[in-house]
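*Asks:* have a look at this prediction, sequence included:
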Amino acid sequence: MNVTLHPEAVKLLAELDALNLPPLSAVSPDEARQRLATPLGPLPELPGIDDREIAGTTSPIRARIYHPTREPAEPLNLIVFFHGGGWVVGNLDSHDGACRQLAIAAHAVVVSVDYRLAPEFPFPTAIEDCLGGLLWANQCRREWGVEGAVCVAGDSAGGNLAAVVAIRARARADIQLAYQVLLYPVT
């Protein structure tokens, strides 16, 4: 079967190939993390972006909160986002642009959880951090004016974490998830 790639995807793959970088599997976790350290391109403006250290279930974790422009006719939603990166790479900066766009498109406060990465922090650390991020964000709904849906979302390994956290949240009376958005999840 032949698959035709979008011209922009072809261009991106050619640019990556021209960099002549070794595959991620051949470098250390720290070297792989450096490749994703800087967001690409201009980022959409939002009225408020706050970096915080929040209480996780086992230790403090970092989070970034994105506040969209308030549309008075629409209820404000809440999305707790978990980045991808194979549980080893990715952070608040690597997914900053995606979270900004998500806040605008979904008219939502987006909380991006910077869960601790493997191999330094083995399973189930990432799950505990992500669940802690959801619990914290859920408690802040009133403060942020969230009246709409509560959702978890993530891409790749973050999609896996969103699915696991949604299952764990199902057993709790204090969290009512309306949606889970899994972008090419590891399932």
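*Replies:* Structure's in. What do you need?
*Asks:* dump the longest strand along the chain to CSV, restricted to CA.
*Replies:* Longest strand in the chain by number of residues (criterion: DSSP state E): strand 146-155. Extracted C-alpha coordinates of strand 146-155, given in CSV (Å, rounded to 0.1, in the frame of the first residue of the first chain):
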residue,chain,number,x,y,z
VAL,A,146,-14.7,26.9,35.1
GLU,A,147,-18.4,26.0,34.7
GLY,A,148,-18.1,23.7,31.7
ALA,A,149,-16.7,20.2,31.0
VAL,A,150,-13.7,18.7,32.8
CYS,A,151,-11.4,16.7,30.5
VAL,A,152,-8.1,14.9,30.4
ALA,A,153,-6.0,14.9,27.2
GLY,A,154,-2.6,13.8,26.0
ASP,A,155,-0.6,12.8,23.0
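*Asks:* for whatever helix or strand comes next after that strand, the distance to its chain's centre please.
*Replies:* Once the chain leaves strand 146-155, the next helix or strand it forms, by DSSP states H and E, is helix 157-170. Centroid separation for helix 157-170 versus its chain: 12 Å, with CA atoms, centre = their mean, to the nearest Å.
*Asks:* then helix 157-170 to PDB, C-alphas only?
*Replies:* Extracted C-alpha coordinates of helix 157-170, given in PDB (Å, rounded to 0.1, in the frame of the first residue of the first chain):
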ATOM      1  CA  ALA A 157       2.600   8.500  26.100                       C
ATOM      2  CA  GLY A 158       0.500  11.400  27.400                       C
ATOM      3  CA  GLY A 159      -2.600   9.800  25.700                       C
ATOM      4  CA  ASN A 160      -1.800   6.600  27.600                       C
ATOM      5  CA  LEU A 161      -1.500   8.600  30.900                       C
ATOM      6  CA  ALA A 162      -4.800  10.400  30.100                       C
ATOM      7  CA  ALA A 163      -6.600   7.000  29.600                       C
ATOM      8  CA  VAL A 164      -5.100   5.600  32.800                       C
ATOM      9  CA  VAL A 165      -6.000   8.700  34.800                       C
ATOM     10  CA  ALA A 166      -9.500   8.700  33.400                       C
ATOM     11  CA  ILE A 167     -10.000   5.100  34.600                       C
ATOM     12  CA  ARG A 168      -8.700   6.000  38.100                       C
ATOM     13  CA  ALA A 169     -10.900   9.100  38.200                       C
ATOM     14  CA  ARG A 170     -14.000   7.000  37.400                       C
END
